[in-house]
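Student: Following is a predicted model, sequence given first.
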Amino acid sequence: MPWRVGNAGATRVGSCWLVGAAILWGAKAMISVSPAVGAQPRRESLPNIVYIMADELAYYELSHMGNAKLHTPNIDRFAAQGMRFTQALAAAPVCAPLRCALMTGKHLGHASVRANDGGTPLRAEEPTIASMLHSLGYATGGFGKWGAGGRGSTGVPEKHGFDVFFGYYDQVHAHSYYPPYLVRNSVEVPLAGNRGGRKGQTYSHYRIMDEALAFLRQHRDQPFFCYLPITPPHGMYDIPADDPAWELYRHDPWMQDEEVPAEAKNYAAMVSMVDRNVQEVLDVLRELGLEENTIVFFTGDNGGQDRFRSEAYPRGFFGPNVDPRSGRAFRGQKGTLYEGGLRIPFLVRWPGKIAAGRVSDLLCYQCDIFPTLAELVGGETPADVDGISILPELLGPAQVGREQPQHPHLYWEYRDATAVRIGNWKGICSGPGRPWELYDLAQDIEEVHDVASQHPELVRKMERIAVQEHLPARPGTYHNRQWQEKDRRAKWGETAVDR
């Protein structure tokens, strides 16, 4: 039986979200957890950090969660060797806002990026995880989809602490795996044989992973932060026919079934490609002698989308939000503030530091990553951050020297909807003038029994919290929109005329 920490039935309102990544201690680290406040940690004791976040990979789209159609043997082993969180939540139900919340530690009532248009930027000089780490001497690299400010804006990653960012700055650009170019520090990097759209000679994700692994090797002898917000399995469901992931499905009858959409088959192979990528990162760490000094996080970004729906599969062919063991389903999906839009996979692995097989019910979300990493490395957490450190939950109170704190509440907003979480109680208001719904998630994880009328005082408390936590958005600005617009057109590129 796994060692279960936390208490699913208690009012655990700590916010976390160290999802999908890896905090790698430097080769000489002996892990004293956190220097005293204000103390400068010794360079040789700083941990390295790798953070892997798979775009839209859902809570139940991993085989260790019971999914019988998708094969993720490496991620399954990762989970068995480390710690799995059952109540890790996205800070937003869509890509761009959650990436802002992750980087800045601010929830959606305070974040600068709240729209999911792919181009709304961070403000100039806004602190991020990368800028905090860079100030301590870290090499900082990002590889994948940025989504917190297009080229020509105040939100480009190289202006927010990254030495290098390679991949896509704009989300629309990121839909194609065969764009004519990717971007490195706002400069276009041509991809041979690509015209945009769904075919080409250079598969963009391979280039992104190659750059990320090279970054790890290049900085093996200094502290580094490697952020991997990879695009698969999101976007247009394209993957080379000779990718090794296909071999995992060679004997699966459903893969041979002509009634199953080709897009669904591609999606499965992309999930298993991500699984292989996770192992590739671990293999490089082992090759460099860093594995024993490495804490690794792996996660999705937001809740799952009910893709490939049919009469037989009303919640999607792969059941991203349906527990395959019990049949219970999270309500909603990506884009909503119900559990289907927020619940994400969250795994942490650190040989020798985190006991294998641990399961945590701590309630947490992405805003907590910034303060957690800051405590780990002795960095500074800005005063306006909404997250809290979950380091005691990860390493244990005895190791950290204090108990795990809890948030009094968690807060979300997206478009006209608002949500508040207080322990196991979750309130949702779908828009101005609409009544609040209230659910007891300890008894009703599917959010089907609205008990707002039975708890009017709690509803009024949530209403007050919603007013208190919302400030008008202050996004960054553009000095040149042409580059971002060009990147958006690059999704289809020259193939646009063929559509």
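Tutor: Cool, the structure landed.
Student: The nearest residue to residue 157 once chain neighbours are set aside: which element?
Tutor: Nearest in space to residue 157, with sequence neighbours left out and distances taken as CB to CB, 6 or more residues apart in numbering, is residue 165 at 3.8 Å. (Glycine included, C-beta is placed from N, CA and C.) Here residue 165, judged by DSSP states H and E, is contained in strand 164-168.
Student: Give the pairing partners of the next helix or strand after that strand; include direction for each.
Tutor: Using DSSP H and E, the helix or strand that follows strand 164-168 towards the C-terminus is strand 181-184. Strand pairing for strand 181-184, using DSSP bridges, gives strand 164-168 (antiparallel), strand 187-190 (antiparallel).
Student: Can you tell me the centre-most residue of this structure?
Tutor: Centroid-nearest residue in the chain: residue 301, 3.2 Å away (criterion: CA atoms, centre = their mean).
Student: Out of the strands paired with strand 181-184, flag the one nearest residue 365.
Tutor: Of all the strands paired with strand 181-184, strand 164-168 sits nearest to residue 365, with 23.8 Å by CB to CB.
Student: buried sites along that closest one?
Tutor: 164-168 (16 or more other CB atoms under 10 Å).
Student: before we move on, the earlier item: what does the strand holding residue 165 contact?
Tutor: Strand 164-168 has contacts (CB atoms under 8 Å, 6 or more residues apart in numbering) with 140-146, 156-158, 174, 179, 182-185, 189, 204, 207-208, 211-212, 215, 231, 487.
Student: so how far is residue 316 from the residue nearest to residue 319 when sequence neighbours are not counted?
Tutor: With CB to CB, 6+ apart as the criterion, residue 319 has its nearest non-adjacent residue at 6.0 Å, and that residue is residue 60. Residue 60 sits at a distance of 10 Å from residue 316 (criterion: CB to CB, to the nearest Å).
Student: From the contacts of strand 164-168, keep the buried residues only.
Tutor: For those, buried by 16+ other CB under 10 Å: 140-146, 156-158, 174, 179, 182-183, 185, 204, 207-208, 211-212, 215, 231, 487.
Student: Longest helix of the chain, counting residues only.
Tutor: helix 262-287 (DSSP state H).
Student: what's downstream of it, the next helix or strand?
Tutor: strand 294-300.
Student: Export that next one to PDB, keeping only CA atoms.
Tutor: Coordinates of each C-alpha in strand 294-300 appear next as PDB, following Å, rounded to 0.1, in the frame of the first residue of the first chain:
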ATOM      1  CA  THR A 294      17.300  15.400  -8.900                       C
ATOM      2  CA  ILE A 295      13.700  16.100  -8.000                       C
ATOM      3  CA  VAL A 296      11.500  15.700 -11.000                       C
ATOM      4  CA  PHE A 297       7.900  16.900 -11.500                       C
ATOM      5  CA  PHE A 298       5.700  15.800 -14.400                       C
ATOM      6  CA  THR A 299       2.200  17.200 -15.100                       C
ATOM      7  CA  GLY A 300      -0.500  18.300 -17.500                       C
END
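Student: roughly how far is that strand from the heart of the chain?
Tutor: With CA atoms, centre = their mean, to the nearest Å as the basis, strand 294-300 stands 10 Å off its chain's centre.
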